[in-house]
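# no sequence for this one, just the structure:
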């Protein structure tokens, strides 16, 4: 009986480990797709061959919506970078990444929150508070370094939009 419990426990541990790896792979896939959209829309304009990124998925700030916050660290010390707000949705059975905000920030030990914006985001205080919260959460998580060349490869299984896209002009009658 004791051997059965040990084997069962080992099997359960492997299943849990597999679930964790799958969840991480799913998140990493989201990050790679988001990074691809950031390249396609001109938000990543770096000559560096690699990017150090962090992210969190937020399903609470906007009820019924999924948002991905992505941080692109400018230097290896991770003391400054850019933060992006990307809304995720499904349209015509395809995943859609809609870049809706970005801001440049610096981290410091000064001030209450330790985050200051070099270029403030659109949306005022509420948006700044959510971006600061996201940056702080991302700081606590592992970072991912990916090749810029790998990001730039196009994948036609998802769509990208951004607030910077040209808007159709209204027709005048």
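Structure received. Quick caveat: nothing in here was measured; it's all calculated off a predicted structure.
# what about the helices in the protein?
For the chain, the helices defined by DSSP state H occupy 2-40, 124-139, 148-152.
# Lowest average confidence across those helices, which one?
Set side by side, the helices of the chain give their lowest mean pLDDT on helix 2-40, at a mean of 56.
# show me the contacts for residue 85.
Contact criterion CB atoms under 8 Å, 6 or more residues apart in numbering gives 67, 68, 69, 99, 100, 101, 102, 121, 127, 131 as the residues in contact with residue 85. C-beta here means a position set from N, CA and C on the backbone, and glycine is covered the same way.
# Out of these, which comes closest to residue 61?
Distance ranking of the contacts of residue 85 against residue 61, using CB to CB, places residue 67 first at 6.3 Å.
# So the closest one sits against residue 88, correct?
Yes - Residue 67 is in contact with residue 88 according to CB atoms under 8 Å; the separation is 6.9 Å.
# Nearest spatial neighbour of residue 68, chain-adjacent residues omitted?
The spatially closest residue to residue 68, leaving aside those adjacent along the chain, is residue 86, at 4.5 Å (CB to CB, 6 or more residues apart in numbering).
# partner residues bridging the one you found?
residue 68, residue 99 (DSSP bridges).
# count of residues packed around it?
26 (other CB atoms under 10 Å).
# before we move on, what about residue 113?
When counting by other CB under 10 Å, one arrives at 14 neighbours for residue 113.
# give the contact list for the closest residue to residue 119 other than its chain neighbours.
In space, residue 119 comes closest to residue 104 once its chain neighbours are excluded; the distance is 4.5 Å by CB to CB, 6+ apart. Taking CB under 8 Å, 6+ apart as the contact definition, residue 104 lies against 80, 81, 82, 117, 118, 119.
# how about 7 Å then?
82, 117, 118, 119 (CB atoms under 7 Å, 6 or more residues apart in numbering).
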